[in-house]
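Student: Have a look; sequence and predicted model below, questions after that.
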Amino acid sequence: MATLGDHDYDYASVVRHEELDYRDGGLIAGWAAHLAGQVTVEVGQVLPPHSPHCAGCGPDNSAGLHLRAVRTASGVEAVHSFDEAQVGAPGIAHGGAVALAFDDLFGFSLYTVGALAVTRSLTVEYHAPFLLHHPYTFRVQVTNRTGRRLLLHAEASDATGKKTGSADATFVVVDPGHFAAGAEQEQSQGQ
Ligand SMILES: CCCCCCCCCCCC(=O)SCCNC(=O)CCNC(=O)[C@H](O)C(C)(C)COP(=O)(O)OP(=O)(O)OC[C@H]1O[C@@H](n2cnc3c(N)ncnc32)[C@H](O)[C@@H]1OP(=O)(O)O
């Protein structure tokens with residue numbers, strides 16, 4: 001059990017990333033099946049990264065944010081501190097890095113709908129600077145699903161509860177074939 005923000009999380013219950021079959025062309029099928037099966041993931045559970053090298057949440061990406069998203073009753077949540085690798089103005093996180101955090105966490109909210117979807121549009125409002133080495137809480141939820149279109153909303157706040165950012169996104173549900181070209185390229189480069 002560990003503490004993240006206001007909550008205790010049982011990391012032992014985390015779905016182990018190694019359990020996903022990323023080998024031998026199993027990347028897409030494994031991911032799709034995994035995602036579809038996560039609709040009922042329990043509140044408080046830490047969600048597995050999108051991929052090992054995902055820029056937002058991949059544990060093996062040395063340049064990534066290493067976000068850890070947790071399922072909440074209404075969506076997902078993450079507490080994150082930016083560091084020098086994401087600096088823009090001195091002491092302040094680059095706006096693009098903040099947008100990456102929002103976008104990646106929107107991706108995690110797909111666990112609440114059990115669908116494969118990708119970002120079609122993303123709008124970020126920067127209400128106050130995100131200071132380096134300060135923890136910010138990001139809360140994300142899917143607000144509407146109409147056909148293939150998902151509308152998502154997120155807010156970020158500092159340790160005092162002050163809103164520092166918000167974001168809205170449109171995601172579009174895709175079938176697993178959407179990821180085929182990228183997966184094939186990754187496989188060919190790995191050989
Ligand atoms: C293996 C690892 C997996 C990992 C999966 C999870 C990873 C998450 C990672 C974080 C998120 C990302 O970075 S995702 C990566 C960045 N995003 C991308 O690469 C996406 C690139 N764009 C595309 O591939 C395409 O444009 C699509 C798939 C998004 C949409 O193309 P399409 O399939 O032709 O769909 P289209 O007909 O245009 O639109 C579908 C429906 O959405 C509506 N729609 C379209 N755009 C909008 C819009 N801006 N606002 C409102 N609604 C819109 C349309 O009216 C339509 O409604 P109706 O007629 O159906 O009613």
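Tutor: Structure's in. What do you need? Given the structure is predicted, the values throughout are model-derived calculations rather than measurements.

Student: hmm, stretch 43-54 touching the ligand?
Tutor: Yes: counting by Cβ under 6 Å from any ligand atom, contacts between stretch 43-54 and the ligand involve His50, Ser51. C-beta: built from backbone N, CA, C; applies to glycine.

Student: tell me which residues of that stretch are tucked away?
Tutor: Using 16 or more other Cβ atoms under 10 Å as the test for burial, stretch 43-54 gives Gly44, Gln45, Val46, Leu47, Pro48, Pro49, His50, Ser51, Cys54.

Student: show me what contacts whichever residue of the chain sits closest to the ligand?
Tutor: The ligand sits closest to Gly107 of the chain, with a gap of 2.7 Å, by Cβ to the nearest ligand atom. Neighbouring residues of Gly107 by Cβ atoms under 8 Å, 6 or more residues apart in numbering: His50, Gly56, Thr119.

Student: what is the rounded mean pLDDT of the biggest helix by length in the chain?
Tutor: Counting by DSSP state H, the longest helix found in the chain is helix 95-108. Mean pLDDT, computed over helix 95-108, is 97.

Student: before we move on, the earlier item: in strands, which of the buried residues of stretch 43-54 fall?
Tutor: The members of the buried residues of stretch 43-54 all map outside strands under DSSP state E.

Student: Show me the two of those residues that sit farthest apart.
Tutor: Across the buried residues of stretch 43-54, the longest distance by Cβ to Cβ is 23.3 Å; it joins Gly44 and Ser51.

Student: State the phi and psi torsions of Val172.
Tutor: With angles defined as degrees, to the nearest 10, Val172 sits at phi -120, psi 130.

Student: How about it: what's its closest non-neighbour residue?
Tutor: Excluding its sequence neighbours, the residue lying closest to Val172 (Cβ to Cβ, 6 or more residues apart in numbering) is Arg120, at 4.8 Å.

Student: Over to Glu84?
Tutor: Distances taken as Cβ to Cβ, 6+ apart place Leu132 nearest to Glu84, at 6.6 Å, with adjacent residues excluded.

Student: any idea how far Arg139 is from that neighbour?
Tutor: Distance of Leu132 to Arg139, given as Cβ to Cβ, to the nearest Å: 21 Å.
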